[in-house]
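Novice: Provided below for reference: sequence and predicted model.
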Amino acid sequence: HLDAGDQDWLHWEVGWRGKRFNLGAEDVSGEIEDVPQPGGGTQSYDQLGSWAAYLTIALRGEAAIWRRGRWEPALPDDAEELPIELSLRYSNADIDRDLFDSPLTKPNASTQEVRTFSAALGTWLDDSSRLTFQWVNLIADHEINTFGGDNRDQSYVVRWDKRF
């Protein structure tokens, strides 16, 4: 979080749902002004942004439905088999290079640009819970201490989402 005098952000999202798939993209871009700097003075950063594109394919059953700000399964009342979906996502985040020239952060603690690719296989257990197994591949433009001095990382995630 950066304290700033003024911030301007634009976030848009677009998607399309077919019977067996969802396709979508989103973009966030912004700028922040008058960020206090260690030692005095302020700096503005006008190149902050990220974007992502995704595809979800229903391997069994119908594609989930976006309703009231969240995904909901398209479960028929008489469903005997759990729906299975494959999801693919690519994202890119880009932070103003001037942040790395300031004393606020350094490339070995953070990165100026990062890309991720992920693939997931999941199922809706019922209309309020989903179980997903996911692989995430991350490529940063700088070596990062958290990754052992490398600019790449892979993670495997087991996720259970439950709505209450």
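Specialist: Thanks, I have it.
Novice: tell me, how many neighbours does Asp3 end up with?
Specialist: Applying other CB atoms under 10 Å, we find 9 other residues in the vicinity of Asp3. Just so you know, the C-beta spots here come from the backbone N, C-alpha and C atoms, and that holds for glycine as well.
Novice: wait, I meant Trp160
Specialist: Neighbours of Trp160 using other CB under 10 Å come to 10.
Novice: next structured bit after the helix or strand of the chain with the lowest mean pLDDT?
Specialist: Counting by mean pLDDT, DSSP states H and E, the weakest-scoring helix or strand in the chain turns out to be helix 98-101, with a mean of 70. Using DSSP states H and E, the helix or strand that follows helix 98-101 towards the C-terminus is strand 113-126.
Novice: whatever helix or strand comes next after that next one vs strand 113-126, what angle?
Specialist: Beyond strand 113-126 on the C-terminal side, the first helix or strand identified by DSSP H and E is strand 129-144. On the basis of axes from the mean of the first three to the mean of the last three CA atoms, to 10 degrees, strand 129-144 is oriented at 170 degrees to strand 113-126.
Novice: within its sheet, name the partner strands of strand 129-144 and how each one runs.
Specialist: If you go by DSSP bridges, strand 129-144 pairs up with strand 113-126 (antiparallel), strand 150-162 (antiparallel).
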